[in-house]
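Engineer: Structure for the following, please:
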Amino acid sequence: MSIRTLGLGGSPVVGEMPAADDEVQTALVPSRGIPTALSQAAAAADRAASSALFAEYHRQLAAHTRSAHDQDLARCALYLADVGVAVGALAAEPAAWSGFTWGLVEGFKRWMLREGYALATLNRTLATVRSYVRLAAQAGAVPAEQATLIAAVKGYGRKQGRNLDADRPVSRRGVKKAQAVALSLAHARALKDQPTDTPQGRRDALLICLLLDHGLRVGEIAALTVGAISLDAGTLTFYHEKVDLTQTHLLTPTTLRAALAYLSNELAEAISSAPLLRGSRKSGALHGAMGLRSMQARVRLLGEAVGLKGLSPHDCRHWWASAAIAGGTDLLALQEAGGWASLAMPRRYVERARIANERVKLQT
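Structural biologist: Prediction:
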């Protein structure tokens, strides 16, 4: 029978073909303008993958990273509202990014400078925006050309930041401190010297030891259970959420004594999955779990008692890193013990030596 098919270049070709091949030929060469089942399925799959792209990305993030992204995107939405633009859910909808251009992102960067955001916050926010633009481009919501241009919008380095901050009336927003509270060895000893004759005092002693002797983040402490401490082995096993790593620390003698006093008195009957640190009432009695804000408030209060105003758990971690280096710990060991992904982070928490080469040892 005679059929019409498409030759090279799309020109019609008329010829004879055996009837037995009719069905095969029809399946292989569909009529122009009529989508095949495969193309329909592919289009549906693309739409489903695009809508699930952000959700899948969110599922892979640690809780603290998701929280940081939410803050960054809320800041971006605030800028857009400030310039009279309304957008959808930036964290969930690729289509919400469809109008973004590199000029808009550059404007956002300058807006953050004028608003007085810390440069670390500005740089992190830009990195978040670039990540979501990349995903939106993958979903087809942002043209590839604009995604490439936006990817080239960078933040500021340390030297650039110093120069910019010198000319800005406000270079930090919010309550986060620009500088850590400096602790001395005497301060650290006074903080760990909590009363051992009260439940609250024994709890506070363990809290401070976990901060000053082991450098734990406050979130890591809040997640500890009774079973995290082995008094027989003298160890603490905990999870570093930021680097997705479970570690075991050998307890320092001071921490072991504090843990023994606290566990044997307050948590003698507690199951291993119970929260390690309990909250406290005004009467000093312990109850429930001690949350992040309670820990931060308690550390601030304990700091004021020894003459340190505005002390935070992170100040204690800063002191731990500095004290470890001063005691002879090398940066690689500190990086592992502190749960940092690279050497760049622990280096930021180490105090600079008064004499730059005083810790340099040469072979003689």
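Engineer: Just the local confidence number for residue 355, please.
Structural biologist: For residue 355, the pLDDT comes out at 58.
Engineer: next one: residue 136
Structural biologist: With respect to pLDDT, residue 136 scores 92.
Engineer: Surely it is in contact with residue 97?
Structural biologist: Yes - with contact defined as Cβ atoms under 8 Å, residue 136 reaches residue 97; the gap is 3.7 Å. The way it works is simple: take the backbone N, C-alpha and C, and place the C-beta from them, glycine included.
Engineer: which neighbours do the two share?
Structural biologist: Residues within reach of residue 136 and of residue 97 at once, by Cβ atoms under 8 Å, 6 or more residues apart in numbering, are residue 142.
Engineer: Tell me where the protein has strands.
Structural biologist: 2-6, 12-16, 229-230, 235-240, 245-250, 279-280, 286-287 (DSSP state E).
Engineer: Residue 143 against residue 137, yeah?
Structural biologist: Yes - contact criterion Cβ under 8 Å: residue 143 and residue 137 qualify, at 7.4 Å.
Engineer: more crowded one of these two?
Structural biologist: A count of neighbours by other Cβ atoms under 10 Å puts residue 137 above the other of residue 143 and residue 137, at 21 against 13.
Engineer: How about the more buried one: what's its closest non-neighbour residue?
Structural biologist: Residue nearest to residue 137 in three dimensions, not counting chain neighbours: residue 147, with 3.6 Å by Cβ to Cβ, 6 or more residues apart in numbering.
Engineer: May I have the residues that are in contact with that neighbour?
Structural biologist: Here residue 147 is in contact with 133-134, 136-137 (Cβ under 8 Å, 6+ apart).
Engineer: Next: residue 232.
Structural biologist: The contact partners of residue 232, by Cβ under 8 Å, 6+ apart, come to none.
Engineer: cool, the one 5 residues further on as well?
Structural biologist: Residue 237 makes contacts with 228, 230, 246-249, as judged by Cβ under 8 Å, 6+ apart.
Engineer: would a markdown table of those with neighbour count be doable?
Structural biologist: Output for the contacts of residue 237, formatted as a markdown table (neighbours: other Cβ atoms under 10 Å):
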| residue | neighbour count |
| --- | --- |
| 228 | 18 |
| 230 | 13 |
| 246 | 9 |
| 247 | 16 |
| 248 | 11 |
| 249 | 17 |
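Engineer: Show the model's pLDDT score for the most centrally placed residue in the chain.
Structural biologist: Geometric centre of the chain, nearest residue: residue 65, 3.2 Å, by Cα atoms, centre = their mean. We have a pLDDT of 85 for residue 65.
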